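Novice: how would this look folded up:
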Amino acid sequence: MGAIAAVWWWLGLPADLAYAPIDPNHKVQCISYAPFRSNQTSLSPATQVSREQIAEDLAQLAKITDCIRTYATDLGLDQIPELAARVGLKVIQGIFLDRDRRKNATQISAGIRLAKQYPETIIALVVGNEVLLRKEMSVSDLAATIRSIKAQVTVPVTYADVWEFWLSNRELGDAVDFVTVHILPYWENVPIPAEHAAAHADTIRRRVAAAFPGKEILVGEIGWPSEGRMRGSSLASPVNQARVVSEVLELARREHFRVNLFEAYDESWKREIEGTIGGYWGLFDSEQRTLKYPPGVPISNFPFWKLQMCGGMALAVLVFGAAWLTLRGKPGELDFGLWIALALSATTAGILFGVAAQKMVYESYGAGGWLLWGSLLAAATASPLFGANALMSGRAPPSFLELLGPQGHQTESVLATMHGLAWIVTVVIGTAIALGLVFDPRFIDFPYAALTMAAVPFAAATLLNPPKKGLRPMAESLFAGIFSAAAIYAGFNEGPANWQSLWTCAAFILLAATLWRARA
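Specialist: This next block holds a predicted model:
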């Protein structure tokens, strides 16, 4: 209980930031805005955002900024300049470009119309957003499009892309009125830790300014995610998001450069294509539209840590209760090692249960996501309970053959069957994650907490109550090989700075070792 309380007290400590991310005395210069909520998505042409929804958002944003940046003119977004004018917001109007020439023409026509219709509100046009990064247009076609639009409007015209593509396509500098550069330290090829993000952004900004002398530089996107997988040393978390935002804004005030934060609201629809990480870049949450970091409120990665601590303690009590029920009425003394293993299992579960539950809430997307992560959490929660019974009864975890084999090989114990079902769920979902981290790892989350909760009691029961002599089953051997190979690959691929990856790989190795010891 003391260990669980101490760890959760440490996890719940609020951050000590020099500057508040949203300072009531200093408005944000500009912030990216997309109005999509709930099931709305820019991926569907059927989406139409209402005036009332946009007006509600803009009234809220006008309290923290004087400027918003948009990215397109369709799906109802062409209503934004009119509504922004009513609350005193300026607009950096985006014109979305891709491979579809007909759609591009519609976007361009609408952008030009809006710039002429609202000259006091629209302060610039952004013609294309990262089309070079996505390889959807050539540099020459993009430059020609920019020049054509410039000839038809009176507002400044620019293009927006990540900084590397500006430096490798410097001829674009002649086509734009100013350079709009995206600097996202989390997404760098060599990810930058949050504590160095502001300094990195300033270094890149100066480098781009030197490459385009005489051109004003707008940092068109900079931000940090509050949830999602770790990349190298870049940890997505509320504290790190607040830190990066506050330090970048303070740097911009001190060095007098223009900056647009990415972004105003979490966009849950992006999780469909970018995983968890894509949906949590906002300063406001997607559904309730509440500010994540109200002025004067302490910022913690685990704001409900007391509840999570109590839940972990309750689970630890249940683990010891399961052991007591197993031993009740059985005379004799047990090996001290069994009690150490039980305590380790209970403490691990008590500490990690709250972490795994929080990750499930943020990382589950759609019915399939909730089913996947909910099943893993359920198996991880059941594992130490059934593991306590297995430890104290001297029973090894059941093999797959005892659960799924032909009649005559299957176990008749209900507890062993339930224990085995938790084992199957853990192994199957763990295998899916392992394969994902090998073949398509960019947006895969690391379920280190739930996997560890499940792996420790199974490993303890297998080690202290080894299976009877027999053949090593084929199925367990194959799964052990997959986990071992994935652990080696992911460990090297993600790098030594990614502790979430290393922890997950350690859980894979523990699962592999447990599977390898199985006999049938």
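
Novice: Flag the shaky bits of this protein, pLDDT-wise.
Specialist: 329, 331-334 (pLDDT under 70).

Novice: can you do 50?
Specialist: Within the chain, no range satisfies pLDDT under 50.

Novice: Which residues are in contact with the residue positioned nearest the centre of it?
Specialist: Nearest to the mean C-alpha position of the chain, by C-alpha atoms, centre = their mean, lies residue 228 at 1.5 Å. Residues counted as contacts of residue 228 (C-beta atoms under 8 Å, 6 or more residues apart in numbering) are 236, 275, 276, 277, 278, 279, 280, 362, 363, 445. For glycine as for every other residue, the C-beta is placed from the backbone atoms N, C-alpha and C.

Novice: Please report the distance of residue 371 from residue 363.
Specialist: 13 Å (C-beta to C-beta, to the nearest Å).

Novice: no, scratch that, I was asking about residue 163
Specialist: 30 Å.

Novice: again with residue 44
Specialist: Distance from residue 44 to residue 363, by C-beta to C-beta: 23 Å.

Novice: dump the residue contacts of the residue nearest to residue 286 when sequence neighbours are not counted.
Specialist: Closest residue in space to residue 286, ignoring its immediate chain neighbours: residue 266 at 3.9 Å, by C-beta to C-beta, 6 or more residues apart in numbering. Shown in contact with residue 266 (C-beta under 8 Å, 6+ apart): 279, 280, 281, 282, 284, 285, 286.

Novice: Was I right to think the fourth one contacts residue 265?
Specialist: Yes. In terms of C-beta atoms under 8 Å, residue 282 counts as a neighbour of residue 265; the distance is 4.3 Å.

Novice: With neighbour numbers in mind, choose between these two.
Specialist: residue 282 (26 against 23; other C-beta atoms under 10 Å).

Novice: So the more buried one, which state does it fall into?
Specialist: coil (DSSP: H, G, I helix; E, B strand; the rest coil).

Novice: and it, backbone torsions?
Specialist: For residue 282, the backbone dihedrals (degrees, to the nearest 10) come out as phi -80, psi 160.

Novice: Grab the nearest non-local neighbour of it.
Specialist: That would be residue 266: by C-beta to C-beta, 6+ apart, it lies 3.8 Å from residue 282.

Novice: and the gap between that neighbour and residue 367?
Specialist: 20 Å.

Novice: picking up where we left off before, out of the contacts of residue 266, which two are the most distant from each other?
Specialist: Using C-beta to C-beta, those span at most 12.6 Å, a distance reached by 279 and 284.

Novice: who's more crowded, these two?
Specialist: Just comparing residue 279 and residue 284: by other C-beta under 10 Å the higher neighbour count belongs to residue 279, 24 against 21.

Novice: Sticking with the residue lying closest to that one once chain neighbours are set aside, tell me its helix or strand.
Specialist: What sits nearest to residue 279 in space, not counting adjacent residues and going by C-beta to C-beta, 6+ apart, is residue 271, at 4.0 Å. Here residue 271, judged by DSSP states H and E, is contained in helix 271-274.

Novice: Quick check: residue 386 touching residue 422?
Specialist: Yes. Using C-beta under 8 Å, residue 386 makes contact with residue 422 at a distance of 6.1 Å.

Novice: overlap in contacts of the two?
Specialist: By C-beta under 8 Å, 6+ apart, no residue touches both residue 386 and residue 422.

Novice: burial count for residue 188?
Specialist: Other residues close to residue 188 by other C-beta under 10 Å number 18.

Novice: dump the residue contacts of it.
Specialist: Residue 188 makes contact with residue 200 under the criterion C-beta under 8 Å, 6+ apart.

Novice: ok, now the one 3 residues further on?
Specialist: When the contact criterion is C-beta under 8 Å, 6+ apart, the partners of residue 191 are 185, 231, 232, 233, 234, 497.

Novice: Surely the last one and residue 233 touch.
Specialist: Yes. Counting by C-beta under 8 Å, residue 497 touches residue 233, with 3.9 Å between them.

Novice: Could you export the contacts of residue 191 as TSV, including neighbour count, distance to residue 81 and secondary structure?
Specialist: Formatted as TSV, these follow (neighbours: other C-beta atoms under 10 Å; distance: C-beta to C-beta, whole Å; DSSP: H, G, I helix; E, B strand; the rest coil):
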residue	neighbour count	distance to residue 81	secondary structure
185	24	31	helix
231	25	36	strand
232	18	39	coil
233	17	40	coil
234	25	35	strand
497	16	44	coil
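
Novice: circling back to that earlier point, nearest to residue 98, out of the contacts of residue 228: which one, please.
Specialist: Taking C-beta to C-beta as the measure, residue 98 lies nearest residue 278 of the contacts of residue 228, at 18.0 Å.

Novice: Leaving out sequence neighbours, find the closest residue to the closest one.
Specialist: Counting by C-beta to C-beta, 6+ apart, the residue nearest residue 278 is residue 270, at 3.5 Å.
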